[in-house]
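Colleague: fold the following and give me the result.
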Amino acid sequence: MDKERSSANGWGSGMLGVIIFSGSLPATRVAVADFSPLFLTSARAVIAAFLGGLLLMALRQARPERSDMLPLAIVAIGVVVGFPLLSALALRHVTSAHSIVFIGLLPLATAMFGVLRGGERPKPLFWLFSCMGSGTVAAFAMSGGGSGSQTGDLLMIAAILLCGLGYAEGAKLSRRLGGWQVISWALLLSAPIMLLTTTMTLPTSWGDIGPPAWIGLAYVSIFSMLVGFVFWYRGLALGGIAGVGQLQLLQPFFGLALAGWLLGEPVAWTMIAATGLIIIFVTFAKRWA
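Modeller: Presented below is the predicted three-dimensional model:
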(Lines give C-alpha, C1' and ligand atoms only; values in the text may rest on other atoms or scores of the structure.)
Protein backbone atom coordinates (compact mmCIF):
# COMPACT_ATOMS: atom_id res chain seq x y z
CA MET A 1 0.00 0.00 0.00
CA ASP A 2 2.83 2.39 0.89
CA LYS A 3 4.44 1.69 -2.48
CA GLU A 4 1.15 2.40 -4.28
CA ARG A 5 0.66 5.61 -2.31
CA SER A 6 4.22 6.70 -3.09
CA SER A 7 3.68 6.00 -6.78
CA ALA A 8 0.39 7.95 -6.78
CA ASN A 9 2.08 10.89 -5.06
CA GLY A 10 4.83 10.72 -7.66
CA TRP A 11 2.36 10.88 -10.54
CA GLY A 12 0.48 13.77 -8.92
CA SER A 13 3.66 15.71 -8.32
CA GLY A 14 4.84 14.97 -11.84
CA MET A 15 1.56 16.30 -13.28
CA LEU A 16 1.98 19.59 -11.41
CA GLY A 17 5.47 19.87 -12.86
CA VAL A 18 4.17 19.23 -16.38
CA ILE A 19 1.48 21.92 -16.01
CA ILE A 20 4.10 24.44 -14.90
CA PHE A 21 6.49 23.46 -17.69
CA SER A 22 3.69 23.80 -20.25
CA GLY A 23 3.97 27.57 -20.01
CA SER A 24 7.72 27.59 -20.64
CA LEU A 25 7.80 27.73 -24.43
CA PRO A 26 4.98 30.29 -24.79
CA ALA A 27 6.73 32.44 -22.17
CA THR A 28 10.08 31.98 -23.94
CA ARG A 29 8.48 32.89 -27.27
CA VAL A 30 7.28 36.18 -25.77
CA ALA A 31 10.60 36.89 -24.05
CA VAL A 32 12.85 36.31 -27.10
CA ALA A 33 10.90 38.98 -28.95
CA ASP A 34 12.89 41.55 -26.92
CA PHE A 35 15.72 39.58 -25.25
CA SER A 36 18.48 37.67 -27.00
CA PRO A 37 18.35 33.88 -26.50
CA LEU A 38 21.75 33.88 -24.76
CA PHE A 39 20.80 36.65 -22.34
CA LEU A 40 17.45 35.01 -21.60
CA THR A 41 19.11 31.66 -20.89
CA SER A 42 21.76 33.07 -18.58
CA ALA A 43 19.52 35.61 -16.82
CA ARG A 44 16.85 33.02 -15.97
CA ALA A 45 19.55 30.75 -14.54
CA VAL A 46 21.06 33.55 -12.42
CA ILE A 47 17.67 34.57 -11.00
CA ALA A 48 16.71 30.98 -10.24
CA ALA A 49 20.15 30.29 -8.72
CA PHE A 50 19.69 33.24 -6.35
CA LEU A 51 16.28 31.96 -5.23
CA GLY A 52 17.51 28.37 -4.97
CA GLY A 53 20.50 29.49 -2.95
CA LEU A 54 18.25 31.34 -0.51
CA LEU A 55 16.16 28.19 -0.05
CA LEU A 56 19.23 26.05 0.56
CA MET A 57 20.56 28.47 3.18
CA ALA A 58 17.20 29.07 4.88
CA LEU A 59 16.53 25.35 5.25
CA ARG A 60 20.19 24.57 6.05
CA GLN A 61 20.63 21.85 3.47
CA ALA A 62 23.80 19.77 3.51
CA ARG A 63 26.22 20.28 0.66
CA PRO A 64 26.43 17.59 -2.02
CA GLU A 65 29.31 15.16 -1.85
CA ARG A 66 32.24 15.45 -4.22
CA SER A 67 30.95 12.45 -6.15
CA ASP A 68 27.75 14.40 -6.87
CA MET A 69 29.54 17.14 -8.82
CA LEU A 70 29.60 15.33 -12.16
CA PRO A 71 25.91 14.31 -12.05
CA LEU A 72 25.00 17.86 -11.02
CA ALA A 73 27.05 19.20 -13.93
CA ILE A 74 25.12 16.89 -16.28
CA VAL A 75 21.84 18.23 -14.86
CA ALA A 76 23.07 21.78 -15.40
CA ILE A 77 24.15 21.08 -18.99
CA GLY A 78 20.80 19.48 -19.76
CA VAL A 79 18.18 21.67 -18.09
CA VAL A 80 19.94 24.87 -17.00
CA VAL A 81 21.86 25.58 -20.21
CA GLY A 82 21.06 23.13 -23.01
CA PHE A 83 17.28 23.06 -23.23
CA PRO A 84 16.66 26.74 -22.41
CA LEU A 85 19.27 27.99 -24.89
CA LEU A 86 18.49 25.64 -27.78
CA SER A 87 14.73 26.08 -27.44
CA ALA A 88 15.11 29.87 -27.30
CA LEU A 89 17.21 29.74 -30.47
CA ALA A 90 14.63 27.47 -32.10
CA LEU A 91 11.86 29.95 -31.30
CA ARG A 92 13.64 32.45 -33.54
CA HIS A 93 12.78 30.11 -36.44
CA VAL A 94 9.48 28.43 -35.52
CA THR A 95 6.26 29.36 -33.73
CA SER A 96 5.67 28.34 -30.14
CA ALA A 97 2.88 25.99 -31.27
CA HIS A 98 5.25 24.22 -33.64
CA SER A 99 8.00 23.93 -31.05
CA ILE A 100 5.66 22.69 -28.32
CA VAL A 101 4.78 19.47 -30.13
CA PHE A 102 8.42 18.34 -29.92
CA ILE A 103 7.92 18.09 -26.15
CA GLY A 104 6.02 14.89 -26.93
CA LEU A 105 9.37 13.29 -27.68
CA LEU A 106 10.63 13.98 -24.14
CA PRO A 107 9.24 10.77 -22.60
CA LEU A 108 11.29 8.64 -24.98
CA ALA A 109 14.39 10.73 -24.35
CA THR A 110 13.87 10.62 -20.58
CA ALA A 111 13.18 6.87 -20.60
CA MET A 112 16.20 6.23 -22.82
CA PHE A 113 18.52 8.07 -20.46
CA GLY A 114 16.73 6.51 -17.49
CA VAL A 115 17.79 3.12 -18.84
CA LEU A 116 21.33 4.29 -19.60
CA ARG A 117 21.92 6.36 -16.44
CA GLY A 118 19.28 5.24 -13.92
CA GLY A 119 19.30 1.50 -14.42
CA GLU A 120 15.55 1.26 -15.02
CA ARG A 121 14.14 -1.59 -17.11
CA PRO A 122 10.60 -0.85 -18.34
CA LYS A 123 8.51 -3.71 -19.73
CA PRO A 124 8.30 -4.11 -23.55
CA LEU A 125 4.68 -2.92 -23.59
CA PHE A 126 5.84 0.32 -22.00
CA TRP A 127 8.00 1.01 -25.05
CA LEU A 128 5.13 0.10 -27.36
CA PHE A 129 2.69 2.58 -25.81
CA SER A 130 5.44 5.18 -25.45
CA CYS A 131 6.19 4.96 -29.16
CA MET A 132 2.48 5.09 -29.97
CA GLY A 133 2.10 8.21 -27.88
CA SER A 134 5.09 9.91 -29.43
CA GLY A 135 3.87 8.83 -32.86
CA THR A 136 0.56 10.56 -32.16
CA VAL A 137 2.43 13.72 -31.26
CA ALA A 138 4.48 13.49 -34.46
CA ALA A 139 1.34 12.97 -36.56
CA PHE A 140 -0.29 15.95 -34.89
CA ALA A 141 2.79 18.07 -35.62
CA MET A 142 2.82 17.09 -39.30
CA SER A 143 -0.90 17.75 -39.65
CA GLY A 144 -0.23 21.36 -38.64
CA GLY A 145 1.82 21.85 -41.82
CA GLY A 146 4.18 24.61 -42.98
CA SER A 147 4.98 26.41 -39.72
CA GLY A 148 8.43 24.94 -39.18
CA SER A 149 11.94 25.19 -40.48
CA GLN A 150 14.74 22.64 -40.62
CA THR A 151 16.97 24.76 -38.38
CA GLY A 152 14.26 25.20 -35.77
CA ASP A 153 13.36 21.51 -35.86
CA LEU A 154 16.97 20.39 -35.41
CA LEU A 155 17.48 22.82 -32.54
CA MET A 156 14.35 21.48 -30.83
CA ILE A 157 15.46 17.85 -31.26
CA ALA A 158 18.85 18.67 -29.71
CA ALA A 159 17.08 20.54 -26.89
CA ILE A 160 14.84 17.53 -26.21
CA LEU A 161 17.80 15.13 -26.02
CA LEU A 162 19.67 17.32 -23.55
CA CYS A 163 16.52 17.86 -21.51
CA GLY A 164 15.87 14.11 -21.33
CA LEU A 165 19.42 13.58 -20.09
CA GLY A 166 19.03 16.27 -17.44
CA TYR A 167 15.67 14.89 -16.29
CA ALA A 168 16.97 11.34 -15.92
CA GLU A 169 20.18 12.37 -14.16
CA GLY A 170 18.33 14.73 -11.85
CA ALA A 171 15.75 12.10 -10.97
CA LYS A 172 18.47 9.67 -9.96
CA LEU A 173 20.11 12.30 -7.74
CA SER A 174 16.80 13.46 -6.24
CA ARG A 175 16.22 10.06 -4.66
CA ARG A 176 19.03 10.92 -2.28
CA LEU A 177 19.34 14.73 -2.30
CA GLY A 178 15.71 15.73 -2.84
CA GLY A 179 14.04 17.25 -5.90
CA TRP A 180 14.33 20.98 -5.28
CA GLN A 181 17.80 20.52 -3.80
CA VAL A 182 19.08 18.94 -7.03
CA ILE A 183 17.96 21.77 -9.30
CA SER A 184 19.10 24.37 -6.75
CA TRP A 185 22.61 22.91 -6.50
CA ALA A 186 22.78 22.53 -10.30
CA LEU A 187 21.82 26.19 -10.67
CA LEU A 188 24.45 27.28 -8.14
CA LEU A 189 27.08 25.16 -9.89
CA SER A 190 26.42 26.94 -13.16
CA ALA A 191 25.87 30.40 -11.60
CA PRO A 192 29.40 31.84 -12.12
CA ILE A 193 29.38 31.12 -15.85
CA MET A 194 25.77 32.21 -16.22
CA LEU A 195 26.42 35.47 -14.34
CA LEU A 196 29.41 36.24 -16.58
CA THR A 197 27.32 35.47 -19.67
CA THR A 198 24.51 37.69 -18.44
CA THR A 199 26.81 40.67 -17.99
CA MET A 200 28.29 40.14 -21.46
CA THR A 201 24.92 39.94 -23.22
CA LEU A 202 22.96 42.75 -21.55
CA PRO A 203 20.41 44.47 -23.81
CA THR A 204 21.72 47.63 -25.44
CA SER A 205 18.53 49.53 -24.64
CA TRP A 206 16.38 48.62 -21.64
CA GLY A 207 13.70 51.01 -22.84
CA ASP A 208 12.94 48.75 -25.78
CA ILE A 209 12.01 45.84 -23.50
CA GLY A 210 8.23 45.56 -23.26
CA PRO A 211 6.19 44.30 -20.27
CA PRO A 212 5.37 40.93 -21.94
CA ALA A 213 9.09 40.14 -22.27
CA TRP A 214 9.65 40.93 -18.58
CA ILE A 215 6.72 38.71 -17.61
CA GLY A 216 8.12 35.94 -19.81
CA LEU A 217 11.54 36.28 -18.17
CA ALA A 218 9.99 36.17 -14.70
CA TYR A 219 7.97 33.04 -15.53
CA VAL A 220 10.84 31.04 -16.99
CA SER A 221 13.15 32.14 -14.15
CA ILE A 222 10.89 31.35 -11.21
CA PHE A 223 8.51 28.66 -12.42
CA SER A 224 10.20 26.93 -15.36
CA MET A 225 13.67 26.99 -13.84
CA LEU A 226 12.92 26.25 -10.18
CA VAL A 227 9.35 25.66 -8.98
CA GLY A 228 8.49 23.23 -11.78
CA PHE A 229 11.54 21.12 -11.05
CA VAL A 230 10.62 20.83 -7.39
CA PHE A 231 7.49 18.92 -8.38
CA TRP A 232 8.97 17.21 -11.44
CA TYR A 233 12.04 15.64 -9.84
CA ARG A 234 9.97 14.55 -6.84
CA GLY A 235 7.53 12.87 -9.21
CA LEU A 236 10.26 11.08 -11.15
CA ALA A 237 11.92 9.89 -7.93
CA LEU A 238 8.70 8.55 -6.38
CA GLY A 239 6.95 7.20 -9.47
CA GLY A 240 9.89 6.13 -11.64
CA ILE A 241 11.71 7.96 -14.42
CA ALA A 242 10.23 6.00 -17.32
CA GLY A 243 6.67 5.85 -16.00
CA VAL A 244 6.12 9.41 -14.74
CA GLY A 245 8.09 10.66 -17.73
CA GLN A 246 5.12 9.69 -19.92
CA LEU A 247 3.17 12.60 -18.45
CA GLN A 248 5.32 14.77 -20.68
CA LEU A 249 3.17 13.55 -23.56
CA LEU A 250 0.41 15.78 -22.20
CA GLN A 251 2.63 18.86 -22.07
CA PRO A 252 2.35 19.78 -25.78
CA PHE A 253 -1.40 20.07 -25.49
CA PHE A 254 -1.36 22.07 -22.27
CA GLY A 255 1.21 24.29 -23.94
CA LEU A 256 -0.85 24.68 -27.10
CA ALA A 257 -3.85 25.69 -25.01
CA LEU A 258 -1.75 28.37 -23.33
CA ALA A 259 -0.33 29.47 -26.68
CA GLY A 260 -3.85 29.86 -28.03
CA TRP A 261 -5.00 31.77 -24.97
CA LEU A 262 -1.95 33.97 -24.38
CA LEU A 263 -0.53 34.37 -27.88
CA GLY A 264 -3.75 34.21 -29.86
CA GLU A 265 -2.76 31.14 -31.87
CA PRO A 266 -5.70 29.09 -33.21
CA VAL A 267 -6.57 25.81 -31.46
CA ALA A 268 -7.94 23.20 -33.89
CA TRP A 269 -10.32 20.35 -33.08
CA THR A 270 -7.47 17.95 -33.87
CA MET A 271 -5.79 19.12 -30.67
CA ILE A 272 -8.72 17.82 -28.61
CA ALA A 273 -8.79 14.50 -30.49
CA ALA A 274 -5.04 14.01 -30.18
CA THR A 275 -5.15 14.88 -26.47
CA GLY A 276 -7.67 12.08 -25.90
CA LEU A 277 -5.39 9.55 -27.63
CA ILE A 278 -2.38 10.76 -25.67
CA ILE A 279 -4.20 10.33 -22.36
CA ILE A 280 -5.03 6.74 -23.31
CA PHE A 281 -1.42 5.96 -24.21
CA VAL A 282 -0.13 7.63 -21.02
CA THR A 283 -2.53 5.51 -18.96
CA PHE A 284 -1.33 2.25 -20.54
CA ALA A 285 2.33 3.30 -20.39
CA LYS A 286 1.89 4.00 -16.65
CA ARG A 287 0.47 0.53 -16.14
CA TRP A 288 3.42 -1.21 -17.82
CA ALA A 289 6.25 1.05 -16.62
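Colleague: contacts, neighbours, all on C-alpha from now
Modeller: OK.
Colleague: okay, now residue 122: neighbour count?
Modeller: 18 (other Cα atoms under 10 Å).
Colleague: same question, residue 252
Modeller: 27.
Colleague: swap in residue 50?
Modeller: Residues within reach of residue 50, counting by other Cα under 10 Å, total 15.
Colleague: quick one: it and residue 261, what's the gap?
Modeller: According to Cα to Cα, to the nearest Å, residue 50 and residue 261 sit 31 Å apart.
Colleague: pull the contacting residues for residue 133.
Modeller: Counting by Cα atoms under 8 Å, 6 or more residues apart in numbering, residue 133 touches 104, 249, 277-278, 281-282.
Colleague: make a PyMOL selection of the buried ones in the residues you listed.
Modeller: Typed into PyMOL, the next command selects the buried ones out of these (criterion: 16 or more other Cα atoms under 10 Å):
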select buried, resi 104+249+278+281+282
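Colleague: can you put the contacts of residue 133 in TSV and add distance to residue 35?
Modeller: Output for the contacts of residue 133, formatted as TSV (distance: Cα to Cα, whole Å):
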residue	distance to residue 35
104	27
249	29
277	37
278	34
281	38
282	36
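Colleague: what about the contacts of residue 133, which are in helices?
Modeller: Applying DSSP state H to the contacts of residue 133, the entries found in helices are 277-278, 281-282.
Colleague: among these, which one lies nearest to residue 231?
Modeller: residue 282 (18.6 Å; Cα to Cα).
Colleague: low-confidence ranges, the stretch 101-250 of the chain, go.
Modeller: By pLDDT under 70, the low-scoring segments of the stretch 101-250 of the chain are 117-120, 141-148, 242.
Colleague: okay, helices next: where are they in it?
Modeller: 106-118, 124-144, 150-177, 179-200, 211-219, 228-239, 241-244 (DSSP state H, counting those that start in this stretch).
Colleague: residue 140 and residue 101: what is the separation?
Modeller: For residue 140, the distance to residue 101 - Cα to Cα - is 8 Å.
Colleague: quick one: which of these two has more around it?
Modeller: Neighbour tally, residue 140 and residue 101, criterion other Cα under 10 Å: the higher count belongs to residue 101, 24 against 17.
Colleague: which ones are touching that one?
Modeller: By Cα under 8 Å, 6+ apart, the neighbours of residue 101 are 137-138, 140-141, 252-253.
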